[in-house]
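J.: here are the coordinates; sequence isn't available:
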């Protein structure tokens, strides 16, 4: 199987390891194990030393699956598959569901896996472009016009990476009704679910809305534990049975250590959410203050997630701009070209607010002296 270069990962691998400051991140400042245990009220986690490092429960411990189940409405154990990160979950769904020649509709910009992997598997991928003038919201008329009798899967990402847009529960239901009328599956990458900035911080899950909805979750973003590499799939049991067949070839089981720490985090998620909400709000304040003063940038202010997509008013490529900025300042930001949306850059604002403020001021200074 041949596959396109994963452009975001390729860029990060080249620039982030040596960056003095990294704004390419899409994670909220990761927790240390000590911080996780302190938040959870576990002073002396000696039980970790008594874990038998076997394969453990192949499908994830019952305690972990119980914690995951609590994030959904009416789901049960037979609907949950524990995976190697959200990225592993997406891959298992595509491999289990798609055949060569199937049609997949993906809203872009989004995480590249949601269109490059189906393409590599032989699917016919159709992209529907989210538009700035529509606040990066899906155009449902365009969706209906794009569907054909061969459409098997619609791919969503909510909240959206890189734009920070949030699809409302009402629109999610309308998308589900469109899919139901045509007997189409919906995969929603919900890695940022729980990070809405206003109202209920958790959008409804597509798996709770629609029988053929597939939810992908993760410990990486909402719970600040990307190093665990733990995610999950929630879907109806017949698809899960097919997913389990594929999982046995590429995963077998997740690490018992990852299982243990993920369980602790999910059982204490309200404390982690409170910690992360404060980091998000601090970052948003810095970002908003900077945008109010910066004449070379425009953006639709993010409504969820951890990233903002900034359109710059310079007639140069985003890769050139980001590389030159990195060389002059040691600050890494992500070029929009890596997400197939030229003329933009993506920044992660859920970092130390003083550092974020300094980096954004450096970017302003850089933009002012930059010639087109």
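T.: Nice, thanks for sending it over. Fair warning: this is a prediction, and the values are worked out from it, not measured in the lab.
J.: Show me where this protein has its strands.
T.: 21-22, 80-83, 103-108, 124-129, 151-157, 185-189, 213-218, 231-234, 297-298, 307-312, 331-332, 334-335, 344-348 (DSSP state E).
J.: Identify the residue spatially nearest to residue 295, adjacent ones excluded.
T.: residue 313 (7.6 Å; Cβ to Cβ, 6 or more residues apart in numbering). The C-beta positions use only the backbone N, C-alpha and C, and glycine is treated the same way.
J.: Would you mind listing the residues in contact with that neighbour?
T.: 295-298 (Cβ atoms under 8 Å, 6 or more residues apart in numbering).
J.: Which of the helices and strands in the chain ranks last by mean pLDDT?
T.: helix 33-40 (a mean of 92; mean pLDDT, DSSP states H and E).
J.: neighbouring contacts of that one?
T.: 31, 43, 45, 225, 261, 264-265, 267-268, 271-272, 275.
J.: buried stuff in that helix?
T.: By 16 or more other Cβ atoms under 10 Å, the buried positions in helix 33-40 come out as 36-37, 39-40.
J.: Quick one: low-confidence residue ranges for the stretch 1-150 of the chain.
T.: Filtered on pLDDT under 70, the stretch 1-150 of the chain yields the residue ranges 44-46.
J.: Tell me where it has helices.
T.: 7-15, 33-40, 62-69, 85-97, 113-120, 140-146 (DSSP state H, counting those that start in this stretch).
J.: Tell me which of the strands of the chain sits nearest to residue 354.
T.: Evaluated with Cβ to Cβ, the strands of the chain place strand 21-22 nearest to residue 354, the distance being 11.0 Å.
J.: Please name every helix or strand in contact with the closest one.
T.: When contacts are defined as 3 or more Cβ pairs under 8 Å, 6 or more residues apart in numbering; DSSP states H and E, strand 21-22 packs onto strand 331-332, helix 353-369.
J.: Can you add distance to residue 153 and give these back as CSV?
T.: Output for those, formatted as CSV (distance: least, Cβ to Cβ, whole Å):
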stretch, distance to residue 153
strand 331-332, 34
helix 353-369, 37
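J.: Can you say which of these is packed in most?
T.: Here the criterion is mean neighbour count by mean count of other Cβ atoms under 10 Å, and of the helices and strands packed on strand 21-22 the winner is strand 331-332, at a mean of 24.
J.: What lies in contact with it?
T.: 12, 15-16, 19-24, 322, 325-326, 359, 362-363.
J.: Of the helices of the stretch 1-150 of the chain, flag the one that's most buried.
T.: helix 85-97 (a mean of 23).
J.: Could you list every helix and strand in contact with that one?
T.: So helix 85-97, by 3+ Cβ pairs under 8 Å, 6+ apart, packs with strand 80-83, helix 113-120, strand 185-189, strand 213-218, strand 231-234, helix 237-250.
J.: That one vs helix 113-120, what angle?
T.: Counting by axes from the mean of the first three to the mean of the last three Cα atoms, to 10 degrees, helix 85-97 points 30 degrees away from the direction of helix 113-120.
J.: ok, residues contacting helix 85-97?
T.: 81, 83, 111, 113-114, 117-118, 121, 123, 152-153, 185, 187, 189, 191, 214, 216-218, 220, 229-233, 235, 239, 242-243, 245-247, 250-251.
J.: Tell me the buried residues in stretch 307-321?
T.: 307-312, 318, 321.
J.: pLDDT and distance to residue 67 added to those, as a markdown table?
T.: Below are these laid out as a markdown table (pLDDT from 0 to 100; distance: Cβ to Cβ, whole Å):
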| residue | pLDDT | distance to residue 67 |
| --- | --- | --- |
| 307 | 98 | 26 |
| 308 | 98 | 30 |
| 309 | 98 | 32 |
| 310 | 98 | 36 |
| 311 | 98 | 40 |
| 312 | 97 | 42 |
| 318 | 98 | 40 |
| 321 | 98 | 43 |
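J.: ok, of those, which one's closest to residue 181?
T.: residue 309 (31.8 Å).
J.: Out of the contacts of strand 331-332, which two sit at the greatest distance?
T.: 12 and 362 (19.5 Å).
J.: Below-threshold pLDDT in the stretch 251-372 of the chain: ranges please.
T.: Looking at the stretch 251-372 of the chain by pLDDT under 70, you get 372.
J.: Return the residues in contact with the residue nearest to the spatial centre of the chain.
T.: The residue lying closest to the centre of the chain (Cα atoms, centre = their mean) is residue 191, at 4.1 Å. Applying Cβ under 8 Å, 6+ apart to residue 191 gives the contacts 86, 157, 161, 216-218, 220-222, 231.
J.: Between those, which sits nearest residue 195?
T.: Closest to residue 195, out of all of those and judged by Cβ to Cβ, is residue 222, at 5.6 Å.
J.: what's the burial count for the closest residue to that closest one other than its chain neighbours?
T.: Take residue 222 and drop its neighbours on the chain: the residue closest to it by Cβ to Cβ, 6+ apart is residue 194, 3.9 Å away. Using other Cβ atoms under 10 Å, residue 194 is surrounded by 22 other residues.
J.: ditto for the one 3 residues further on
T.: A count of neighbours around residue 197, defined by other Cβ under 10 Å, yields 17.
J.: Tell me which residues touch residue 43, please.
T.: Counted by Cβ under 8 Å, 6+ apart, residue 43 has contacts residue 37.
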